[in-house]
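Asker: Sequence and predicted model, in that order:
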Amino acid sequence: MMKIGITTPIRGCSIKDLRQLAKAAESAGFYGIFSPEVPIYSAIANAQVMAEATKSIKIGTWVTNIYMRKPIMCAAEAMTVQEISEGRMILGLGNSHKPVNDVFGIDMGDQYEAMREYVTKIKSYADGSSDHYEKIPIKRDLPVFDIHITGLTERTAALAGELADGIMPYLANLEHLRTLYSSAKSKSGDKDFEFTSGMPVFLSDNLDEAVKAARIGVGRQALRPSYKRVLTNSGFGDIIQKLESGTSPEEAISDKLLNELCLFGKSSNCIKQLEAQFNNGSTMPILTPFPVGNQSPLEMMDELIKLLD
C-alpha cells in the first residue's frame with residue numbers, strides 16, 4: 001500500500017474541522033496528516049487538536065516557522081503533542097518565506113545556519129543532552145519525535161540528511177526532487193529517513209474548474225522567492241517572467257508545469273502522477289488540498305479519500 005500524507009487546507013479550518021479531517025484521514029488509511037502554519041494559525045497547536053482526535057495516524061506540522069518560536073518552546077510544545085499522540089508526532093521545520101517574515105520585522109539572516117542551530121538545539125532539548133538541563137531540570141521521559149526539514153536547495157537537503165529524520169520539499173518537479181534526495185542520501189547514511197514530496201492538489205470531477213483553480217493556485221505560489229528560483233532553474237523561467245510582467249496565471253501557467261507539480265481534476269485520473277512520485281524516490285508524497293470552486297474542507301477531504309479507493 002502506498003504511504004501517503006496529507007495536510008489540512010492552508011486556510012479556513014475551524015477546530016471542529018481539524019478534528020473531523022483528522023478522523024476521516026485516519027479512517028481512510030492515510031499515513032499522516034499535517035498542519036500548515038500560516039499566521040494566525042499555529043501548526044503545533046493544530047497538531048495537538050488532531051492528536052487528541054485520533055489513535056494511530058501520524059500527526060505533524062508542515063511546517064513550523066523556526067523564526068516564530070524559541071527552540072526550547074518549540075521542543076516543549078512538540079513533546080506535548082508527542083505525549084498526547086503516544087509517539088506519533090513529526091515536527092516539520094522550515095524558514096517560511098521572506099515576504100512573510102518581513103511583515104513581522106524578522107531578519108532571517110543566514111537561513112542555512114539558522115536551521116542548523118535550531119535543529120541542533122531542538123534535538124538536545126528533546127533527548128536530554130542540552131546543558132540547560134543542569135540548571136533547569138525539565139527533561140520529559142518521552143521517545144524523541146521525528147524532525148523533518150523543508151528546503152529546496154541541495155545544501156539544505158544535505159543538512160536534513162545529516163541532522164533530521166526526513167526532508168519536506170514542496171512545489172518541486174521530479175528532476176529537482178531527485179537532486180534533493182541525492183543530497184540528503186549523501187548525509188543520511190543507513191538511518192531510517194523519509195523522502196517526502198509536497199504537492200498541491202485541486203481535485204474535482206469538473207476538470208475545467210479544477211484546471212482553472214490549479215493555474216491560479218500554482219501561479220500565486222510560483223513567485224515566492226524559493227519557488228521562483230527552483231522553477232526558473234528547472235526550465236520554467238519563461239512562465240516566471242510572464243507572471244512577473246502581469247500575465248494572469250490562467251494564461252501563464254502551462255499544462256506541462258501543472259502536470260509536473262500538482263494533482264488536478266478527477267481523483268481517479270491522478271493515480272499515475274502519484275505513482276510517479278514513488279517511482280522517483282519519494283517515500284511519502286504529502287498532498288495539500290486547495291478548493292475547487294466553493295469546496296469546504298470536508299469536501300476537499302472527500303476528494304482526497306477517492307485517491308485511496
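Answerer: Cool, the structure landed. Residues are numbered from 1 along each chain as shown.
Asker: elements contacting the helix or strand in which I90 is found?
Answerer: Following DSSP states H and E, one finds I90 within strand 89-94. When contacts are defined as 3 or more C-beta pairs under 8 Å, 6 or more residues apart in numbering; DSSP states H and E, strand 89-94 packs onto strand 32-35, helix 43-52, strand 58-61, strand 64-65, helix 71-84, helix 111-127, strand 146-150, strand 166-168. (C-beta placed from N, C-alpha, C; glycine too.)
Asker: Can you list the neighbours in contact with the fifth one?
Answerer: Residues from elsewhere that reach helix 71-84, judged by C-beta atoms under 8 Å, 6 or more residues apart in numbering: 44-45, 47-48, 51-52, 59, 64, 66, 69, 88-89, 91, 118, 121-122, 125-126, 132, 138, 140, 142-143, 145.
Asker: distance between it and the chain's centre?
Answerer: Using C-alpha atoms, centre = their mean, to the nearest Å, the distance from the centre of helix 71-84 to the centre of the chain it belongs to is 19 Å.
Asker: same question, the first one
Answerer: Between the centre of strand 32-35 and the centre of its host chain there is 8 Å, according to C-alpha atoms, centre = their mean.
Asker: For that strand, which strands pair with it and how are they oriented?
Answerer: With DSSP bridges as the criterion, the sheet partners recorded for strand 32-35 are strand 5-7 (parallel), strand 58-61 (parallel).
Asker: do the fourth one as well
Answerer: Here strand 64-65 has these sheet partners by DSSP bridges: strand 89-94 (parallel).
Asker: Using CSV, list the CA coordinates for the partner strand.
Answerer: Taking Å, rounded to 0.1, in the frame of the first residue of the first chain, the C-alpha atoms of strand 89-94 are listed here in CSV:
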residue,chain,number,x,y,z
MET,A,89,4.5,13.4,16.3
ILE,A,90,6.5,14.6,13.3
LEU,A,91,7.9,18.1,13.7
GLY,A,92,8.3,19.7,10.3
LEU,A,93,10.6,22.8,10.4
GLY,A,94,11.1,25.5,7.8
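Asker: Average pLDDT for it, rounded please.
Answerer: Over the span of strand 89-94, the pLDDT mean works out to 98.
Asker: And the contacts of whatever helix or strand comes next after it?
Answerer: For strand 89-94, the following helix or strand on the C-terminal side (DSSP H and E) is helix 98-103. Judged by C-beta under 8 Å, 6+ apart, the contacts made with helix 98-103 from elsewhere in the structure are P39, N65, Y67, N95, M108, R224, P225.
Asker: you'd agree the fourth one is up against I66?
Answerer: In other words, N95. Yes: A contact is recorded between N95 and I66 when judged using C-beta atoms under 8 Å, the distance being 6.2 Å.
Asker: Now P200: closest residue in space, sequence neighbours ignored.
Answerer: Beyond its immediate neighbours in the sequence, the residue positioned closest to P200 (C-beta to C-beta, 6 or more residues apart in numbering) is C262, lying 4.5 Å away.
Asker: my guess is the one you found contacts L203, does it?
Answerer: No: applying C-beta under 8 Å as the test, C262 and L203 come out as separate, 10.1 Å apart.
Asker: one step back: shared neighbours of N95 and I66, anything?
Answerer: Residues touching both N95 and I66 (C-beta under 8 Å, 6+ apart) are A114, M115.
Asker: Give me the residues contacting the strand holding I90.
Answerer: Residues beyond strand 89-94 that count as contacts (C-beta under 8 Å, 6+ apart) turn out to be 32, 34, 43-44, 47, 51, 58-66, 74, 78, 81-82, 115, 118-119, 122, 145-151, 164-166, 168.
Asker: Next: stretch 6-15.
Answerer: Counting by C-beta under 8 Å, 6+ apart, stretch 6-15 makes contact with 17-18, 21, 25, 30, 32-36, 38, 41, 46, 49-50, 62, 286-291, 297, 300, 304, all of which sit outside it.
Asker: Separate out the buried members of the residues you listed.
Answerer: By the neighbour-count criterion of 16 or more other C-beta atoms under 10 Å, these include these buried positions: 17-18, 21, 25, 30, 32-36, 41, 46, 49-50, 62, 286-291, 297, 300, 304.
Asker: after the strand with the most length in the chain, next one along is what?
Answerer: When secondary structure is assigned using DSSP state E, the longest strand within the chain turns out to be strand 194-203. Under the assignment DSSP H and E, the closest C-terminal helix or strand after strand 194-203 is helix 207-222.
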